[in-house]
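> sharing a sequence plus its predicted fold:
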2 protein chains.
Amino acid sequence: MRAPYGLNIIDNCLICPVREEHLFCNLSLPAVQRLNEIKSTAVYPKSTMLFIEGQQPRGVFVLCTGKAKLFTSSSDGKTIITKISEAGDVLGLNATISNRPYEVTAEMMEPGQANFIARDALLQFLREYGEVALRVAEQLSRNYYTAYEEIRTLGLTSSPSEKFAKLLLSWSPNAGNANDPTHLKLTLTHEEIAEMIGTTRETVSRLFSDFKKKQLVQLKGSTLIIRNKPALEKIVNS
Amino acid sequence: MRAPYGLNIIDNCLICPVREEHLFCNLSLPAVQRLNEIKSTAVYPKSTMLFIEGQQPRGVFVLCTGKAKLFTSSSDGKTIITKISEAGDVLGLNATISNRPYEVTAEMMEPGQANFIARDALLQFLREYGEVALRVAEQLSRNYYTAYEEIRTLGLTSSPSEKFAKLLLSWSPNAGNANDPTHLKLTLTHEEIAEMIGTTRETVSRLFSDFKKKQLVQLKGSTLIIRNKPALEKIVNS
DNA sequence: GGCTGTTCGTGATGCCCATCACACATCGGG
DNA sequence: CCCGATGTGTGATGGGCATCACGAACAGCC
């Protein structure tokens, strides 16, 4: 099957490649089948806003392919990105469950596919399948912890360099030293990184220069190499 | 009944004065009676830490009288207060439900009474009374929204004066203008206010001076009078 | 009432980083 | 392949606020 934007469409949750890994993706067979019936699939171009901060919740989106950024903005245009969502993530869950306005805007960062589940259908589904309701509660609690992590970063981490180091560390799963450097594709612009750590584009630029000079990281095209994770950790715990 | 610290003890949830207003306090008769059996009441002196950030959750505390501050700290001693809890509030709910470490420390700001409910007993109680489990989910979702409010304040509100104005507004329920000024007892130290808005004690001092000079507020002993709420709102939306 | 510890007001100093400005690189579509 | 749009590097500047420092005011307590 071929879709616009040159993507493959996954129209059946039963054979979804991320099915095993996430909420809504690792359920009993009957539950997945039911889920498959109530969802509606669509492919969204880059920059689509799946929902906007302050809107009444219509339902949730399950991201199948692509990435989306979640952010909240102030009236004067300042923005903070609170999360980069990837395939398997469920967007808009808290607002939909509690029937309060979406607390963030969700915008596609690249074309991708998402399943929409309307609020009414979701609530009915949760009533039918108690196992899933439990999973939802767990997910909400996980979201809460993530939010608190953000509060700590914003409130307790004073300097941009510290926050920047923290962000880089969160991208580096392995050792990240000279023997075992972390390689990763850098998909964010400096502007977006700035919005993640609450500073300006220029400062991020300068931080990159600085960290490169100090041999903490290296940049090859769009590939970021983390060379000295221990030093980054030292910056964070300063 | 008399207790230490000159407080009256409320040892029966059925006649608790805040029973009508809050979670766990407005339930069916049988549920309140069961709750009354599983709780254990105690009076805590000022500065008691009911639980500490990072501890494994033992259970929840329902605050009956007194006030408590919830805060999180970094290793280098910096602190942010995320909430001032009052009578009726349930503390440690999220950690207890999800069995993750307490995300904050809860410290009594004045002597007061609290009911402790152990984790196991609480979970059993929630299983017995589905109505209450629902209330808990709602409360968790409310907590999540509050956390996001905090993220917005910390991340999008740049200047201390803006955050300070925001805090004052959150304390002013009525008109707060020359005709109908808000009077309130100021129970926090400048240090604590600083920890609420992420700045220093000195800056709070200077902000008070500044706002007094601009006729926005007035201070009579420990009574704070908000005289020009519209002007405060203007500062926030600048 | 005096003594000790906490809280508060305010000056001086300096630095970090937001802001402005502008040139260069890079990307993507017709 | 070119050209507009978007992203990036870096200098100059200045203001806001953290930090240090100290004395005054205040509260609690034998």
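Yes, it's here.
> just the element for residue A:235, please.
helix A:229-236 (DSSP states H and E).
> show me what that helix is packed against.
When contacts are defined as 3 or more CB pairs under 8 Å, 6 or more residues apart in numbering or on different chains; DSSP states H and E, helix A:229-236 packs onto helix A:160-170. Bear in mind the C-beta positions are built from the backbone N, C-alpha and C, glycine included.
> is the helix it packs on in proximity to DNA strand C?
Yes. Applying CB under 7 Å from any atom of the strand, one finds helix A:160-170 touching DNA strand C at A:160, A:161.
> tell me the angle of that helix relative to helix A:229-236?
Between helix A:160-170 and helix A:229-236, the angle comes out at 140 degrees (axes from the mean of the first three to the mean of the last three CA atoms, to 10 degrees).
> buried residues of the helix holding residue A:235, list them for me.
Within helix A:229-236, the residues scored as buried using 16 or more other CB atoms under 10 Å in any protein chain shown are A:229, A:231, A:232, A:235, A:236.
> so what touches it?
A:157, A:161-162, A:165-166, A:168-169, A:172, A:175-177, A:182, A:214, A:216, A:226 (CB atoms under 8 Å, 6 or more residues apart in numbering or on different chains).
> let me see the mean pLDDT of the helix or strand encompassing residue A:152.
Taking DSSP H and E as the definition, residue A:152 sits inside helix A:130-156. In this model, helix A:130-156 has a mean pLDDT of 88.
> enumerate the beta-bridge partners assigned to residue A:59.
residue A:118 (DSSP bridges).
> list the contacts for it?
Residues counted as contacts of residue A:59 (CB under 8 Å, 6+ apart) are A:92, A:96, A:116, A:117, A:118, A:119, A:121, A:122.
> give me the distance between it and residue A:97.
If you measure residue A:59 against residue A:97 using CB to CB, to the nearest Å, the figure is 11 Å.
> now do residue A:130
15 Å.
> same question for residue A:180.
41 Å.
> so between those two, which is more surrounded?
residue A:97 (24 against 10; other CB atoms under 10 Å in any protein chain shown).
> thinking the more buried one is in contact with residue A:139, fair?
No. Using CB atoms under 8 Å as the test, residue A:97 is too far from residue A:139 to be in contact (9.5 Å).
> any idea which element the spatially closest residue to residue A:219 that is not a sequence neighbour lies in?
Nearest residue to residue A:219 in three dimensions, chain neighbours excluded: residue A:212, at 6.5 Å (CB to CB, 6 or more residues apart in numbering or on different chains). Per DSSP H and E: residue A:212 is located in helix A:201-213.
> before we move on, what about residue A:100?
Counting by DSSP H and E, residue A:100 is found in no helix or strand.
> what residues are up against it?
Neighbours of residue A:100 in contact, by CB under 8 Å, 6+ apart: A:57, A:94, B:141, B:145.
> and the gap between the spatially closest residue to residue A:27 that is not a sequence neighbour and residue A:120?
Using CB to CB, 6+ apart and skipping the chain neighbours, the partner closest in space to residue A:27 is residue A:132 (6.2 Å). Remark: distance between residue A:132 and residue A:120 (CB to CB) = 15 Å.
> these two: who's more crowded?
Neighbours were counted for residue A:132 and for residue A:120 using other CB under 10 Å; residue A:132 has more, 21 against 11.
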